[in-house]
Every structure is written in structure tokens, then in C-alpha cells.
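Enquirer: Need a 3D model of the following:
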Amino acid sequence: MEIEINRKDIKNLRIKVEDGIIKVSAPKRTSEREIKSIIKNNLDTIERLKEEDSYKKRYKNHLFGEKIEVKSEKEIEKIYRLELEKALDNIFEKYEKITGLSPKTVQIRKMKVRWGTCYPKSGDIKINLYLAERPIEQIEAVVLHELVHLKYFYHDEKFINECKKYMPNYEEIERELKR
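Expert: As a prediction, this is how the structure comes out:
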């Protein structure tokens, strides 16, 4: 179990798992013994974080859910951008027709936390570049989700029902995206 400790000007100790490495951010004055004790007392949480991290890597170096061979991160990002642009053109066209909703602009961006973002007032939608790793059905769910935000701002019952109207298995796909 590889552990990386980073001491910072923070008040509370934080633990996360990235690429199989346990990363601890600790206040500068926290002793080694205290850090080890906290890790030992939180092994269940760390195991859960490791499992969640393994799901994140499940689609690494994939294009639309299929494994591809690449030499560098730069190369894969170029492939993702090119292929995702083509796929999004078709997917947006499909869901714009059936929902009657249309964004003013669509941009592909590298995002760390979200698959997509909608700005209803301006009509702009941003899609995460790394969504290209996921199966087409999941990309469609994200596009539908962001389009429906042009009509409903909150993730309330009306929003969910609107998504399910066009994609009956929407909630199931959303759960897959969160894994």
C-alpha cells in the first residue's frame, strides 16, 4: 500500500486515493505517528476510496468504451477531441430534434469533476474531454442531461422525468457514470 504524505498549511488532515496511491494532505505540524494512526483508524474508508478509484481507471485509454493503444497523454487527448467532436455533432443533433432544446454553443474542455456543465442563461454547454472514454450511451445521457438543464435548472423530479421521457434508462446510466 503506497502512501504519499504532503504537509500543507491546512487545518484538517485529508485522505484520498488517486491511481492506486493513498494521498494524505496533513497540517504541517502533524507527526508521522499521528498520520499513521489516522490511516489505521480509517482503513474501511480507504478501502472504499481504493474501490472507487479502481472504477475511475476502468475506462483509462478507452475510446467510446473500447480499449485503444496510445503512446502519450498528448496523443490520446488529440484523439479524444477529434472523435468526441464528431460524436457530439450527431448526438446533439439527435437530442435537439427530440427535445426541441438547443444550446447556443458547445465546447469540449478538460474537467476534473464534471462530465458536463450547462449555463442556461447564456445557453452554453461544456462537455468534459474525458467523456470520450465512456460508451456512447453514457455520452448521450450527459448530452441529454445538459440539454434538459436549458429547460429545468435544478435536479428535481421535473428534471429527472424530462430526461426519462427521452431516455427511459436515464437513471441507470447516470449511476454508471458516477462509478
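Enquirer: after the helix or strand of the chain with the lowest mean pLDDT comes which helix or strand?
Expert: Here the helix or strand of the chain ranked lowest by mean pLDDT, DSSP states H and E is helix 43-56, holding a mean of 84. Next along the chain after helix 43-56, taking DSSP states H and E as the criterion, comes strand 62-63.
Enquirer: Quick check: mean pLDDT of the lengthiest helix in the chain?
Expert: Scanning the chain for the longest helix, with DSSP state H as the assignment, gives helix 73-99. For helix 73-99, mean pLDDT is 96.
Enquirer: Over to stretch 9-19?
Expert: Mean pLDDT, stretch 9-19: 89.
Enquirer: Contacts for that stretch, please.
Expert: Residues from elsewhere that reach stretch 9-19, judged by CB atoms under 8 Å, 6 or more residues apart in numbering: 22-28, 30, 35, 38-39, 42, 45-46, 49-50, 52-53, 57. From N, CA and C alone the C-beta is placed, and that goes for glycine too.
Enquirer: quick one: buried residues of the least confident helix or strand of the chain?
Expert: 46, 49, 53 (16 or more other CB atoms under 10 Å).
Enquirer: what comes up buried for stretch 16-31?
Expert: If you call a residue buried by 16+ other CB under 10 Å, then stretch 16-31 has these buried ones: 17, 22-26, 30.
Enquirer: One more: stretch 158-172?
Expert: Neighbour-count burial for stretch 158-172, counted by 16+ other CB under 10 Å, picks out 159-160, 162-163, 166-167, 170.
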